[in-house]
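**Student:** Can you look at this prediction? I've put the sequence above it.
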Amino acid sequence: MIHKLLKRPQAIIGLCLIAIVIVIAIAAPAFSPHDPELVNLSQKYAQPDAEYPLGTDQLGRCTLSRLLYGARYSIGISLPVLLILSVIGLIVGTFSACAGEKADHFITILCDVFIAFPSLIIAIAVIGVLGNGLQNIAVSVVIATWAWFVRIVRSYSVQEMGKDYILAARISGCNTGKLVFRHLIPNILPQFLVYVSTGVASSIIMVSSFAFLGLGLPSGTPEWGAMLNDARTALYSHPELLIYPGLCIFVTAAGFNLFGEALRDILTPEEDSL
Amino acid sequence: MIKVNNLSKEFHEQGTSNELLAVDHVDFTIQNGSFCALVGESGSGKSTLAQLMCGLLVPSSGEVLFEGKNISLCRGKQKQVLRSKIQLILQDGKGAMDPRFTVYQIIAEPIRNFRKLSKKEEEREINDLLTMMELPEEIKLRKAHELSGGQQKRVCIARALAAQPDVLIFDEAVSGLDVLVRKHILDLLKRLHQERKMTCFFITHDLDVALYLADRVMVMRCGKIIEDRTFHGSTDCFTHPYTKLLLHSIAPYLG
């Protein structure tokens, strides 16, 4: 599979982008020239120079350092969150599709309730109860979005369960467990991975929007979304402060999307023969 | 022996209160070792009947008895044994194979689920089945979409045989195949039936195929069995007007 992945330019570009972001996240202290939270009002809105390669923001903090540290927050929250969401989605979604009408009905209604709730309100409630902190942001993102993952897995599963090979597997003696783990999940995984990979972008943005509202992260935290929002006030005078974090979010999201699409192409068996 | 007693199956139409009676109070008995054919047009309830007969659907009323046991009441180990004894071969060969599985994995599945064989025995068994189905050995590593229509069908039959069934139910086993492949598979089935003394129940919409294979022909229409005759080479035994219409429709252009 790795061999096949490496043949696709999409996958290579995607992997490179993801790898760059992960390396930056890990090695941020080594690369960044300054402390990202060090305020220096005398250097407010400084132009790029040798000391501040990308200039400074409205509080004189080094933009480059803040961007590098920002990768930690974005990757560090969204990857674990998506892993948890995928597991919840796959287990509850396939259960809903296989467990009979009553359970299915119950889960569907529960999902509808959670989807109808604005994620922001859930986040305010969760952080209000649990307090600030990275973990609590992760928990509120999971609570706000799990229903989408369950619903998408359920709809893939229902579609797949109607197919003949599932019937044939039952005839061949598979019980529900084998049916789900040997046939159902491997066959819905390609589509699901694409959904998950696009979910990275939206979870980064969700974390950022929480940060802007002061939910979860203390103000001044070098987080891309929070930086975007800080820079809004200087839209006309210093548009580059908006562009940098925007570009970071774009590159990270593009990396995951490209990789996800390449994965889907490889995991879809019909295209093996092409 | 399979005994079908007053069997009915109703489906609810989604979003409405309409009920669709797919199988309508059907009665018949299939003796061990016989080759029965069930003929009917699309939508006559044939496939539903097939799924009822191997316990994949629960009847709305009536029962299916296999060796005296009610199929839909079996649970656990008994159900598993029953599953292996009555094997259904589905209409769409390609669709009935997991697109991610190789031919080897497909045929190995019932062996692993129903029988405890060592890796070596399993491999020998699969090779034997492939030979019996006249499939080349190199096919083992291919997947469903890399096989021709005839090969897909034969892999499905091999998979059913791997469960060591007493009864084989074919649901439209040869539709959608070209004439030569079709003839080949029909002869294969005939030989299989004679060699293994297996009970075969062959569902088709082609009366000529039914007449070619079976010693007993049942005709189904709108969920009911309208004619049930033992067939000895002459079509004179059929009396129902619908069956006569079907008989007249067999290649009328041959004169």
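**Tutor:** Nice, I can see it.

**Student:** got a list of what whichever residue of chain B sits closest to chain A touches?
**Tutor:** Nearest to chain A, among the residues of chain B, is residue B:113, at 3.2 Å (Cβ to the nearest Cβ). Yep, even glycine has a C-beta here, placed from its N, CA and C like the rest. With contact taken as Cβ atoms under 8 Å, 6 or more residues apart in numbering or on different chains, residue B:113 is in contact with A:172, A:173, A:174, A:178, B:80, B:84.

**Student:** For the stretch 101-250 of chain B, which residues are neighbours of chain A?
**Tutor:** Residues of the stretch 101-250 of chain B found near chain A (Cβ under 8 Å from any Cβ of the partner chain) are B:109, B:110, B:113, B:114, B:143, B:145, B:146, B:156, B:159, B:160, B:163.

**Student:** What about the contacts of residue B:113, which one has the most neighbours?
**Tutor:** Per-residue neighbour counts (other Cβ atoms under 10 Å in any protein chain shown) across the contacts of residue B:113 peak at residue A:172, which has 27 neighbours.

**Student:** Do you know the pLDDT at that residue?
**Tutor:** Per-residue confidence (pLDDT) for residue A:172: 93.

**Student:** Could you do the one 5 residues further on as well?
**Tutor:** What the model reports for residue A:177 is a pLDDT of 90.

**Student:** how near is it to residue A:94?
**Tutor:** 10 Å (Cβ to Cβ, to the nearest Å).

**Student:** swap in residue B:206?
**Tutor:** From residue B:206 to residue A:94 the distance is 39 Å (Cβ to Cβ).

**Student:** Those two: who's more crowded?
**Tutor:** Set residue B:206 next to residue A:94 and count neighbours by other Cβ under 10 Å: residue A:94 wins out with 25 against 17.

**Student:** Now whichever helix or strand the more buried one is part of: buried residues?
**Tutor:** Using DSSP states H and E, residue A:94 maps to helix A:63-98. Neighbour counts over helix A:63-98 (16 or more other Cβ atoms under 10 Å in any protein chain shown) mark A:63-75, A:77-79, A:81-82, A:84-86, A:88-90, A:92-98 as buried.

**Student:** Likewise for stretch B:53-65?
**Tutor:** Buried-residue list, stretch B:53-65, by 16+ other Cβ under 10 Å: B:53, B:54, B:55, B:56, B:57, B:59, B:62, B:63, B:64.

**Student:** Redo the residues you listed as a markdown table? Include pLDDT and secondary structure.
**Tutor:** Conversion of the buried residues of stretch B:53-65 to a markdown table gives the following (pLDDT from 0 to 100; DSSP: H, G, I helix; E, B strand; the rest coil):
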| residue | pLDDT | secondary structure |
| --- | --- | --- |
| B:53 | 91 | helix |
| B:54 | 88 | coil |
| B:55 | 88 | coil |
| B:56 | 89 | coil |
| B:57 | 89 | coil |
| B:59 | 92 | coil |
| B:62 | 91 | strand |
| B:63 | 91 | strand |
| B:64 | 92 | strand |
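
**Student:** ok, and of these, which contact chain A?
**Tutor:** Restricting the buried residues of stretch B:53-65 to contacts with chain A (Cβ under 8 Å from any Cβ) yields B:54, B:56.

**Student:** Where does pLDDT dip in the stretch 151-274 of chain A?
**Tutor:** Flagging of the stretch 151-274 of chain A using pLDDT under 70 yields the residue ranges A:212, A:216, A:269-274.

**Student:** Ramachandran angles for whichever residue of the stretch 1-150 of chain A sits closest to chain B?
**Tutor:** Per Cβ to the nearest Cβ, the residue of the stretch 1-150 of chain A with the smallest distance to chain B is residue A:101, at 11.2 Å. With angles defined as degrees, to the nearest 10, residue A:101 sits at phi -60, psi -40.

**Student:** Kindly tell me how buried it is, as a neighbour count.
**Tutor:** Residue A:101 has 7 neighbouring residues, counting by other Cβ under 10 Å.

**Student:** and if you look at residue B:122?
**Tutor:** 18.

**Student:** That one and residue B:111 touch, don't they?
**Tutor:** Yes - counting by Cβ atoms under 8 Å, residue B:122 does reach residue B:111; the two are 5.5 Å apart.

**Student:** Give me the residues contacting the longest helix along chain B.
**Tutor:** Longest helix of chain B, by residue count under DSSP state H: helix B:179-196. Contacts to helix B:179-196, defined as Cβ under 8 Å, 6+ apart, come from residues B:35, B:132-134, B:148-150, B:153-154, B:157, B:161, B:170, B:173-174, B:177, B:198, B:200, B:202, B:209, B:212-213.

**Student:** Average pLDDT for that helix, rounded please.
**Tutor:** Across helix B:179-196, the average pLDDT comes to 86.

**Student:** Show me where the stretch 151-255 of chain B has its helices.
**Tutor:** Taking DSSP state H, counting those that start in this stretch as the test, the helices found in the stretch 151-255 of chain B are B:179-196, B:207-213, B:241-248.

**Student:** ah, wrong one, I meant chain A
**Tutor:** Assigned by DSSP H, the helices in chain A fall at A:2-6, A:9-31, A:63-98, A:101-116, A:119-130, A:134-161, A:164-171, A:176-178, A:185-212, A:224-231, A:240-267.

**Student:** residues in contact with the residue most central in space within chain B?
**Tutor:** By Cα atoms, centre = their mean, chain B has its centre lying nearest to residue B:170, at 1.6 Å. Contacts of residue B:170 were listed using Cβ under 8 Å, 6+ apart, and they are B:89, B:189, B:200, B:201, B:202, B:203, B:204.

**Student:** Torsion angles phi and psi at the first one?
**Tutor:** Taking degrees, to the nearest 10, you get phi -110, psi 120 for the backbone angles of residue B:89.
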